[in-house]
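*Asks:* Okay, predicted coordinates and the sequence, questions at the end:
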Protein chains: 2
Amino acid sequence: MDMPIRTADEVDLDRLNSALGFLMRLAQLKIYERFFEEVGEHNLKPGEFSVLWVILHNPGIRQSVLGQRLMIKRAHMTKLIRALEDQNLVSRKIPDGDRRAVEITLTPEAVTRVRKASQWFFSYEASVGANLTAGERQQLTALLQKFVGLG
Amino acid sequence: MDMPIRTADEVDLDRLNSALGFLMRLAQLKIYERFFEEVGEHNLKPGEFSVLWVILHNPGIRQSVLGQRLMIKRAHMTKLIRALEDQNLVSRKIPDGDRRAVEITLTPEAVTRVRKASQWFFSYEASVGANLTAGERQQLTALLQKFVGLG
DNA sequence: CAAAATTTGTTTACAAAGAAACAATCTCCA
DNA sequence: TGGAGATTGTTTCTTTGTAAACAAATTTTG
């Protein structure tokens, strides 16, 4: 007589529990969940923060390059940038050298705001993976960097 | 004179390149990209495969429990299950004990199909992270399991 | 040089996923 | 027992992201 499964930890995942794609998805969802629980006043989404952060460190970066680095598709990047422009956080400039391209810069207000949000973000980030030891966390970071080709 | 940034590897990510949330997102996108490149004939999406796999190993599992384990929201689970039902892959049964719940089972066709797809899936999975050594891959898996609480 | 191919960004249409409100059922306890 | 609250699933609406077709500018190459 099989009893019906009543709680999530009784579920048999078989080999799925060592599938990297599966584990990575669970990990990312867990991280995002906490992000939104803790983001508070800054009301930036993870994608918005990373875009603004990268523009801060690479003023005049082109949309296409930004998208390649952050793995955001061009169609989506267009919408992200427009939304940021509507909030007066970024400005777009068509460079003389290549009039197809768009170069993005932060507005002064955005610089202040991103600097402030980054203080929250990186202290939040440091608290991600609190159930790992410091060494394990460091190892995980290094392995992920190698995995994605940023090491 | 700042030269404009022309390629993705010139982009300065500053501390973002050690942020677990960021690395995890890149890793997952990379894995999904390869999944769709290689999935071939099976035309199952990652979410569909994992749902079917878990039902195979837990026949009669309830929608809510399935969703908890796979971190799929109830509203979305309803749609996934209906889509699978429309393809005649799962059947739904309201148990006598609790007439709010829905118990899910694979159809015989689905059992065959999932077994077959799983052969592809797990050999694909084994090839994920080919740029890591076997030891690193094993370490990454273990760290992720601990991170998400499956260890 | 001029036609062909590529790059860059936008638009439109659509798919995937979440949020909130809802209905039905069940549980708990006064 | 019976009513308040919780659980389960569905529906509707919105957000997020992708795909494909397109336009404009640039690069390549015959």
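*Replies:* Cool, got the structure. Numbers count the residues shown, from 1 in each chain, chains lettered A, B, ... in the order given.

*Asks:* List the residue ranges of chain A that fall below the pLDDT cut-off.
*Replies:* Applying pLDDT under 70 to chain A flags the ranges A:1-4, A:6.

*Asks:* how does it look with 50?
*Replies:* Applying pLDDT under 50 to chain A flags residues A:1-2.

*Asks:* And the helices in it?
*Replies:* With DSSP state H as the criterion, chain A has helices at A:20-38, A:46-57, A:63-70, A:74-86, A:108-127, A:134-148.

*Asks:* These into CSV, with extra columns for distance to residue B:78 and mean neighbour count?
*Replies:* In this view, the C-beta of every residue, glycine as well, is placed from N, C-alpha and C. Shown next, in CSV, are these (distance: least, Cβ to Cβ, whole Å; neighbours: other Cβ atoms under 10 Å in any protein chain shown):
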stretch, distance to residue B:78, mean neighbour count
helix A:20-38, 18, 19
helix A:46-57, 26, 20
helix A:63-70, 32, 20
helix A:74-86, 26, 14
helix A:108-127, 32, 15
helix A:134-148, 33, 17
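
*Asks:* Out of these, which is closest to residue B:74?
*Replies:* Between residue B:74 and those, the shortest gap by Cβ to Cβ is with helix A:20-38, which sits at 14.7 Å.

*Asks:* hmm, back to that, how about the helices of chain A, which one is nearest residue B:48?
*Replies:* Taking Cβ to Cβ, helix A:20-38 is the member of the helices of chain A nearest to residue B:48, at 12.9 Å.

*Asks:* how many degrees apart are that closest one and helix A:46-57 in direction?
*Replies:* 80 degrees (axes from the mean of the first three to the mean of the last three Cα atoms, to 10 degrees).

*Asks:* follow-up on the earlier one: adding distance to residue B:75, write the helices of chain A out as TSV.
*Replies:* Output for these, formatted as TSV (distance: least, Cβ to Cβ, whole Å):
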stretch	distance to residue B:75
helix A:20-38	15
helix A:46-57	22
helix A:63-70	28
helix A:74-86	23
helix A:108-127	27
helix A:134-148	31
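
*Asks:* Looking at those, spot the one closest to DNA strand D.
*Replies:* Set against DNA strand D and scored by Cβ to the nearest atom of the strand, the helices of chain A come closest in helix A:74-86, at 3.5 Å.

*Asks:* who touches residue A:52 in this structure?
*Replies:* Shown in contact with residue A:52 (Cβ atoms under 8 Å, 6 or more residues apart in numbering or on different chains): A:44, A:84, A:89-90, A:106, A:110, A:113-114, A:117.

*Asks:* and the two most separated of these?
*Replies:* A:90 and A:117 (14.4 Å).

*Asks:* DNA strand C contacts on chain A?
*Replies:* With Cβ under 7 Å from any atom of the strand as the criterion, chain A meets DNA strand C at residues A:29, A:36, A:62-64, A:67, A:74-75, A:77-79, A:81-82, A:92, A:98, A:100-102.

*Asks:* Pull out whichever of the residues you listed are also neighbours of chain B.
*Replies:* By Cβ under 8 Å from any Cβ of the partner chain, the members of the residues of chain A next to DNA strand C lying near chain B are A:29, A:62.

*Asks:* Residue A:43 and DNA strand C, how far apart?
*Replies:* Distance of residue A:43 to DNA strand C, given as Cβ to the nearest atom of the strand, to the nearest Å: 14 Å.

*Asks:* Contact partners for the nearest residue to residue A:74 once chain neighbours are set aside?
*Replies:* In this structure, residue A:74 finds its nearest non-sequential neighbour in residue A:67, 5.8 Å apart by Cβ to Cβ, 6 or more residues apart in numbering or on different chains. With contact set as Cβ under 8 Å, 6+ apart, residue A:67 has these partners: A:73-74, A:76-77.

*Asks:* thinking again about what came up before, out of the helices of chain A, which comes closest to residue B:128?
*Replies:* Shortest distance between residue B:128 and those, using Cβ to Cβ, is found for helix A:20-38: 4.9 Å.

*Asks:* which helices and strands does the closest one pack with?
*Replies:* helix A:108-127, helix B:20-38, helix B:46-57, helix B:134-148 (3 or more Cβ pairs under 8 Å, 6 or more residues apart in numbering or on different chains; DSSP states H and E).

*Asks:* Would stretch A:25-42 count as contacting DNA strand D?
*Replies:* No - contact of stretch A:25-42 with DNA strand D (Cβ under 7 Å from any atom of the strand) is absent, the minimum separation being 9.4 Å.

*Asks:* Who does the closest residue to residue A:60 other than its chain neighbours form a beta bridge with?
*Replies:* Spatial nearest neighbour of residue A:60, excluding adjacent residues (Cβ to Cβ, 6+ apart): residue A:103 at 4.5 Å. Note on residue A:103: beta-bridge partners residue A:62, residue A:93, judged by DSSP bridges.
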